[in-house]
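Chemist: Sequence plus predicted model, see below.
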Amino acid sequence: MGYITTADGAEIFYKDWGPKDAQPIVFHHGWPLSSDDWDAQMLFFLDNGYRVVAHDRRGHRSSPIATGHDMDHYAADASAVAEHLDLKNAVHIGHSTGGGEVARYVAKFGQPQGRVAKAVLVSAVPPLMLKTEANPGGTPIEVFDGFRQALAANRAQFFLDVASGPFYGFNRPGAAVSEGVIRNWWRQGMTGSALAHYAGIKAFSETDQTEDLKAITVPTLVIQGDDDQIVPYKDAAELQAKLLPNATLKIYAGYPHGMLTTNADVINPDLLAFVRS
């Protein structure tokens, strides 16, 4: 574990576990979380002999820098970590906003440098979450304005509501609610910067990554649950698979946005099978 300092002065925290000569699996977390959200996957891949790396996005527990909360900086920060650790032949796995970060990183930095072997997009935000004339299936801007309003008014309550409700599908009838999972999500969110989280809403909702997806030539696994209440899968995973030149798509029946946690027993072996394929 350690820190790197980016060109614009952001200090980025990262974890680096496992044999340094093993193939790296690099994890990119979602909004408003941290690298801790990948605990179940990092330990799983570590046990399977891989080098596992994850960083905290700027403002998301890493340095609370006031600037650069956009997809270009997110990807550049990820690239800075990869260069610092000299990661090669890596598999980059991104969840939600982290999936957007992976798409921008692979398209802009990873492939030109030959550092990326494969990519995985999990419940990811590309190509574009926002509803526009060109993207009629997207989410209306009023929804994201509501996120901003709720965050500014009472971030602690807003994060508790998200974690205990739609993120993990705990609002569904008969759901097996985990208080520990809710508290861990809330803990991660509240250790980050309110400003970074506020600005990050625009980054994950309004960044059009159509061209990023078209530019990714490495094998890419696209996975999502069809009960994702945060990122509608028909406007995300299904479109990603159409835009990516080399995609494999898998939709999980009944799985929520946070399926990496609630359904790790199924998702982890599927990720491993793709990495090994």
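Modeler: Nice, I can see it.

Chemist: can you tell me the helix or strand for the residue nearest the centre of the chain?
Modeler: When CA atoms, centre = their mean is applied to the chain, the residue found nearest the centroid is residue 98 (2.2 Å). Here residue 98 sits within helix 97-105, counting by DSSP states H and E.

Chemist: just residue 32 next, same as before
Modeler: With DSSP H and E as the criterion, residue 32 is inside neither a helix nor a strand.

Chemist: In contact with it, which residues are there?
Modeler: Counting by CB atoms under 8 Å, 6 or more residues apart in numbering, residue 32 touches 60, 159, 188, 189, 192, 196, 197, 200. All C-beta spots, glycine's among them, are computed from the backbone N, C-alpha and C.

Chemist: Please save the CA atoms from the helix or strand containing the third one in PDB.
Modeler: Secondary-structure element containing residue 188, defined by DSSP H and E: helix 179-190. This file holds the C-alpha atoms of helix 179-190, laid out as PDB (Å, rounded to 0.1, in the frame of the first residue of the first chain):
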ATOM      1  CA  GLU A 179     -26.700  -4.400   8.300                       C
ATOM      2  CA  GLY A 180     -23.000  -4.800   7.900                       C
ATOM      3  CA  VAL A 181     -23.100  -4.300   4.200                       C
ATOM      4  CA  ILE A 182     -25.100  -1.100   4.700                       C
ATOM      5  CA  ARG A 183     -22.800   0.200   7.300                       C
ATOM      6  CA  ASN A 184     -19.700  -0.600   5.200                       C
ATOM      7  CA  TRP A 185     -21.100   1.300   2.200                       C
ATOM      8  CA  TRP A 186     -22.000   4.300   4.400                       C
ATOM      9  CA  ARG A 187     -18.500   4.200   6.000                       C
ATOM     10  CA  GLN A 188     -16.800   4.300   2.700                       C
ATOM     11  CA  GLY A 189     -18.900   7.100   1.400                       C
ATOM     12  CA  MET A 190     -18.600   9.300   4.400                       C
END
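
Chemist: Moving C-terminal from it, which element do we reach first?
Modeler: helix 194-206.

Chemist: re earlier: what pairs with the residue lying closest to the residue nearest to the centre of the chain once chain neighbours are set aside across the strands?
Modeler: The spatial neighbour of residue 98 that comes closest, neighbours along the chain excluded (CB to CB, 6 or more residues apart in numbering), is residue 28 at 3.4 Å. Under DSSP bridges, the beta-bridge partners of residue 28 are residue 94.

Chemist: Surely residue 28 and residue 96 touch.
Modeler: No: here residue 28 lies out of contact with residue 96, judged by CB atoms under 8 Å, at a distance of 9.3 Å.

Chemist: what about stretch 6-20, distance to the chain center?
Modeler: Put simply, stretch 6-20 sits 17 Å off its chain's centre (CA atoms, centre = their mean, to the nearest Å).

Chemist: before we move on, back to that, ok, the residue nearest to the centre of the chain - contacts?
Modeler: 27, 28, 29, 30, 57, 122, 124.

Chemist: mind checking which helix or strand of this protein has the lowest mean pLDDT?
Modeler: strand 2-5 (a mean of 94; mean pLDDT, DSSP states H and E).

Chemist: So which bits of that strand are buried?
Modeler: residue 4 (16 or more other CB atoms under 10 Å).
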